[in-house]
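# Generate a structure from the sequence data that follows.
(one chain, ligands or ions: 1)
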Amino acid sequence: MGLGKKKILVTGGAGYIGSQTVRELQKAGFDVLVLDNLSTGSADSVNCQLIVGDLADAVLLDKIFAQHNIGAVVHFAGSIIVEESVLYPEKYFQNNVVNGLNLLNVMVRHGVKKIIFSSSAAVYGEPERLPISETSILRPTNPYGETKLMFEKILGWYGSAHELSSVSLRYFNACGASLDGTLGEKRPFVTHLIPKILRVAARQDEMLKIYGSDYNTPDGTAVRDYIHVVDLAAAHVLALKKLDEDSGCFTYNVGTGVGYSVKQMVDAVMEVTGKMVMIEYSNRRPGDPAQLMADVAKIKQDLNFSAQYSDLNTIVSTAWNWHKVCYNIGYDKTLSNHPSLQRRETD
Ligand code: UFG
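Numbers count the residues shown, from 1 in each chain. The predicted structure follows:
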């Protein structure tokens, strides 16, 4: 049955990727409802009905599904810090698997048969070859990746038992901020590379530690596939449209297929911001693969997805602009005149 006028429930819709996706879903004409416990997300990022609550609360979930005519779920809510998952696996299995099961069970009880799931490139672990296709070996190297893989498998089994259709999107490195500077990555602990480099550019930290300079890569630093959050959000809209037409369990990488090294990111930040970024080389971070790059043929073929905003300049300039808004250090209104953004806004 098609989505028609039914609502889309977005769990974790107040977070970095969730809030951007809510915006894109609304632009595409969907009626959206957000459920978020606000543990890391922010109510300010949500421009639709927000229910503050947790997926652990099965009674609340039942009430939500009874009160709203929900046609599909886009499921972001979960814990996402790799290092934390190694120290406290129980938190990850609870939040990402057990609470996720609550969601699936309530969906089954209420006959809601479509779900888009935030998975991760972490399901692959250390890749055997590049680029990484969806059929590569799945061998997570930390509990975070393990929970994402477990949930993908659960979706497969629920698919056959309960006719639940799903799209699991395996994100590579999410980055950047909305083009208008109103939505971006704001977390209590900054662990991701680009926000960390920006903190150094903004003199909020003294220097960036580069974890490893002896990888087998062109400049010795690790290479990742960085995908702009607006592109990532657009992939969710395409995935939802697919489920509106097709049933089954689908899995896609979401990346660009292009890799940038840590050093290239630092150089890009210096170029965009005009600020010096002091670096220090330190040991490799345990568990970090040398290179991660997505094979994006499948998502291009099936969903007609290709990244539009994931060039280095757009990634860094939107992230920098957001960083300045967030830390109140002089939002650059002229960014809307930035050539790379202007080009897109007139598309
Ligand atoms: N890095 C540094 N210094 C820092 C922070 C990061 O050199 O201060 C390096 C890392 O070693 C890595 C690269 O920058 O080589 C990117 O690191 P991030 O922490 O930004 O991202 P990861 O590639 O480690 O992790 C991302 C997502 C995870 C996901 C994983 C999939 O953030 O959620 O990709 O492999 F699990």
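# Mind pulling up the pLDDT for the residue in the stretch 201-347 of the chain that the ligand sits nearest to?
Nearest to the ligand, among the residues of the stretch 201-347 of the chain, is Ala222, at 3.1 Å (C-beta to the nearest ligand atom). Where C-beta positions appear, they are placed from N, C-alpha and C, glycine not excepted. Ala222 is assigned a predicted lDDT (pLDDT) of 97.
# One more: the one 4 residues further on?
In the predicted model, Tyr226 carries a pLDDT score of 98.
# can you count the residues close to it?
Using other C-beta atoms under 10 Å, Tyr226 is surrounded by 25 other residues.
# My guess is it contacts Asn173. True?
Yes - the criterion here is C-beta atoms under 8 Å, and Tyr226 meets it with Asn173 at 4.7 Å.
# Get me the contact residues on the stretch 201-347 of the chain for the ligand.
Within reach of the ligand by C-beta under 6 Å from any ligand atom, the stretch 201-347 of the chain has these residues: Leu208, Lys209, Ile210, Tyr211, Ala222, Arg224, Val262, Arg285, Asp288, Leu292.
# follow-up on the earlier one: doesn't Gly287 make contact with the residue of the stretch 201-347 of the chain closest to the ligand?
No - using C-beta under 8 Å, Ala222 makes no contact with Gly287, being 11.4 Å away.
# Looking at the two, which one has more neighbours?
Neighbour count, other C-beta under 10 Å: between Ala222 and Gly287, Ala222 has more, with 24 against 15.
# close to the ligand, is stretch 184-197?
Yes - Stretch 184-197 comes into contact with the ligand (C-beta under 6 Å from any ligand atom), by way of Thr191, His192, Leu193, Lys196.
# Could you report the neighbour count for Arg285?
By other C-beta under 10 Å, 13 other residues sit near Arg285.
# Now do it against Thr221, distance only.
12 Å (C-beta to C-beta, to the nearest Å).
# anything in contact with each of those two?
Here Arg285 and Thr221 have Gly212 as joint contacts, going by C-beta atoms under 8 Å, 6 or more residues apart in numbering.
# Generate a PyMOL selection restricted to the buried subset of the residues of the stretch 201-347 of the chain next to the ligand.
Buried subset of those, written as a PyMOL selection, criterion 16 or more other C-beta atoms under 10 Å:
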select buried, resi 208+210+211+222+224+262+292
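# which ones among the residues of the stretch 201-347 of the chain next to the ligand are found in helices?
Secondary structure defined by DSSP state H assigns Val262 of these to helices.
# can I get the residues of the stretch 201-347 of the chain next to the ligand in CSV with distance to Leu183?
Converted to CSV, those look like this (distance: C-beta to C-beta, whole Å):
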residue, distance to Leu183
Leu208, 24
Lys209, 28
Ile210, 28
Tyr211, 28
Ala222, 27
Arg224, 22
Val262, 25
Arg285, 28
Asp288, 28
Leu292, 25
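# in the stretch 1-150 of the chain, which spans are helices?
Counting by DSSP state H, counting those that start in this stretch, the stretch 1-150 of the chain has helices at residues 16-27, 58-67, 82-87, 89-92, 99-109, 143-162.
# looking at those helices, which is buried most?
Greatest average neighbour count among these goes to helix 16-27 (a mean of 23), per mean count of other C-beta atoms under 10 Å.
# Wondering if that one reaches the ligand at all.
No - under the criterion of C-beta under 6 Å from any ligand atom, the ligand is not reached by helix 16-27; the shortest gap measures 10.5 Å.
# which one of the helices of the stretch 1-150 of the chain lies closest to Ser39?
Closest approach to Ser39 among the helices of the stretch 1-150 of the chain (C-beta to C-beta): helix 89-92, 11.0 Å.
# I'd guessed Ser19 sits against Val46; true?
Yes - with contacts defined as C-beta under 8 Å, Ser19 counts as touching Val46 at a distance of 6.3 Å.
# Can you check which residues contact both of the two?
Gly13.
# mind listing what Ser79 touches?
Applying C-beta under 8 Å, 6+ apart to Ser79 gives the contacts Ser85, Lys91, Tyr92, Asn95, Asn96, Tyr144.
# Could you point out which of those residues is nearest to the ligand?
Sorting those by how near they are to the ligand, with C-beta to the nearest ligand atom, puts Tyr144 at the top with 5.8 Å.
# OK, contacts around the closest one?
Contacts of Tyr144 by C-beta under 8 Å, 6+ apart are Ser79, Ile80, Ile81, Val82, Glu84, Ser85, Tyr92, Asn96, Ser120, Ala122.
# Check what pLDDT the second one gets.
Translated: Ile80. At Ile80, pLDDT is 95.
# Any figure for the gap between it and the ligand?
5 Å (C-beta to the nearest ligand atom, to the nearest Å).
# burial count for that residue?
25.
# residue contacts, it?
Tyr144.
# Report the contact partners of the nearest residue to Tyr309 once chain neighbours are set aside.
Ranked by C-beta to C-beta, 6 or more residues apart in numbering and with sequence neighbours excluded, the top spatial neighbour of Tyr309 is His228, at 4.0 Å. Taking C-beta under 8 Å, 6+ apart, we find His228 in contact with Cys175, Gly176, Ala307, Gln308, Tyr309, Ser310, Thr314, Ile315, Thr318.
# Recalculate using a threshold of 6 Å.
Gly176, Tyr309, Ser310, Ile315 (C-beta atoms under 6 Å, 6 or more residues apart in numbering).
# Show me where the stretch 1-150 of the chain dips below the pLDDT cut-off.
Residues of the stretch 1-150 of the chain meeting the criterion pLDDT under 70: 1.
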